[in-house]
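Peer 1: Quick check, what structure comes out for this input:
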Amino acid sequence: MRIEVPVESFTIRSKDGAGVRVHKTGTGPHRWLLTPGLGTPLLCWKHIFEAFHQRMTIVTWDQRGLFDSERLRDRSALRFERHVDDAEAIVERLGWNSFVTGSWSMGVQLGLGLYERMPERIQALALINGAFEHVLSTAYGPALTAPLLRATLAGLVRGARVLNPAARRLLASGTAGLLMDKLAVSTANAPFVTAVTQELARVELGTYFSILLELDRHSARPVLDKVKVPTLVTSGSKDVATPPSVMRELSRHIPHADYVEIERGTHYTPLEYPEALNRALERFFSRVFAERWPPAGASSEDAVKPAGASE
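Peer 2: Down below sits the predicted model:
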């Protein structure tokens, strides 16, 4: 399974010198800095890339320490603020003065973090199935489970060197994806979910879980009532990692946010129900860009370049 549109990849250096692998697709005049979710391989964006590449230029990246970005030994380099630094460095490299940002899972907090730093450049936020603060406090049941989750993850970080080989074999074989389907951890599109989980075999567990623990320390709550741009908030009705109640709270705190709940979607809604998610995004972008948003299937020449954008 592969992405059926051209993708250009290149490396930038972030503020602290870390090498970050960036991926760019599309020729459209509207720009979307697609902030990565935790451990999201490039393949997971297949359906968004293919649906919007003619009308948008979409840029995402491999999170620092993961996939084709530079491996980092210093765990302090994985703090949440460093990921926002990466986003800022990419924007400056691209020279974008006007763009949409946000995406799935950790991409929610990253989008909000970038908005806090450069609100004048951001046209809109697309916040997809992701907590806005202390992710482990609302994941998988009552808040009382959070200390156990944190202790378990800290143990996994310490034991990652031993666990990595077995975890990679499990993921690469596709077994993990099949189990997600059998146990209803994911509820649809099993072949694609499995293909994406196979990509996770390239992830070093210690780095992955360290990023999650650092993310859990962060809260974007102070940013929410400062948001002055159109915002889409989505959730899956069966998401236990980021329950709909969390996403509804997020939408209530952002003035005039649109809220869309996708039936039967879990935390993996973008993989399970890409058509439903893309319909929500289509409606949102048609409102944000109004007459400058051409219908699906139109070429980039049919769209008008947004004011204030630079090459």
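
Peer 1: and the residue lying closest to residue 89 once chain neighbours are set aside, how many neighbours?
Peer 2: Spatially, and ignoring its direct neighbours in sequence, residue 89 is nearest to residue 14 (4.7 Å; CB to CB, 6 or more residues apart in numbering). (Each C-beta comes from the backbone N, C-alpha and C, glycine too.) Using other CB atoms under 10 Å, residue 14 has 21 neighbouring residues.

Peer 1: Next up, the contacts around residue 126.
Peer 2: Contacts for residue 126 (CB atoms under 8 Å, 6 or more residues apart in numbering) come out as 32, 100-103, 111, 231-232, 281, 284.

Peer 1: In helices, which of those residues appear?
Peer 2: Under the assignment DSSP state H, those contribute 111, 281, 284 to helices.

Peer 1: And the first one, how close does it get to residue 174?
Peer 2: Here the distance between residue 111 and residue 174 works out to 31 Å (CB to CB, to the nearest Å).

Peer 1: Between these two, point out the one with more neighbours.
Peer 2: Applying other CB under 10 Å to residue 111 and residue 174 shows that residue 111 carries more neighbours, namely 30 against 17.

Peer 1: all strands of the stretch 151-300 of the chain, in order?
Peer 2: With strands called from DSSP state E, counting those that start in this stretch, the stretch 151-300 of the chain shows them at 231-236, 258-262.

Peer 1: export those strands to JSON lines and tack on mean pLDDT and mean neighbour count?
Peer 2: Listed next are the strands of the stretch 151-300 of the chain as JSON lines, based on pLDDT from 0 to 100; neighbours: other CB atoms under 10 Å:
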{"stretch": "strand 231-236", "mean pLDDT": "98", "mean neighbour count": "27"}
{"stretch": "strand 258-262", "mean pLDDT": "97", "mean neighbour count": "18"}
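
Peer 1: now those as CSV including distance to residue 129?
Peer 2: Listed next are the strands of the stretch 151-300 of the chain as CSV, based on distance: least, CB to CB, whole Å:
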stretch, distance to residue 129
strand 231-236, 6
strand 258-262, 9
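
Peer 1: Looking at these, which is nearest to residue 276?
Peer 2: Using CB to CB as the measure, strand 258-262 is the one of the strands of the stretch 151-300 of the chain that comes nearest residue 276, at 5.0 Å.

Peer 1: Which residues outside the closest one are in contact with it?
Peer 2: Residues outside strand 258-262 that contact it (CB under 8 Å, 6+ apart) are 230-237, 244, 247-248, 251, 269, 273, 276-277, 280, 284.

Peer 1: cool, and stretch 177-193?
Peer 2: Contacts to stretch 177-193, defined as CB under 8 Å, 6+ apart, come from residues 1, 46, 194-198, 238, 264-266, 268, 271-274.

Peer 1: Neighbour-wise, which one of these leads?
Peer 2: Greatest neighbour count in the contacts of stretch 177-193, by other CB under 10 Å, goes to residue 271: 28 neighbours.

Peer 1: quick one: contacts for that one?
Peer 2: Residue 271 neighbours (CB under 8 Å, 6+ apart): 44, 186, 189, 192-193, 196.

Peer 1: Then residue 254?
Peer 2: Taking CB under 8 Å, 6+ apart, one finds 125, 224-225, 227, 231, 233 in contact with residue 254.
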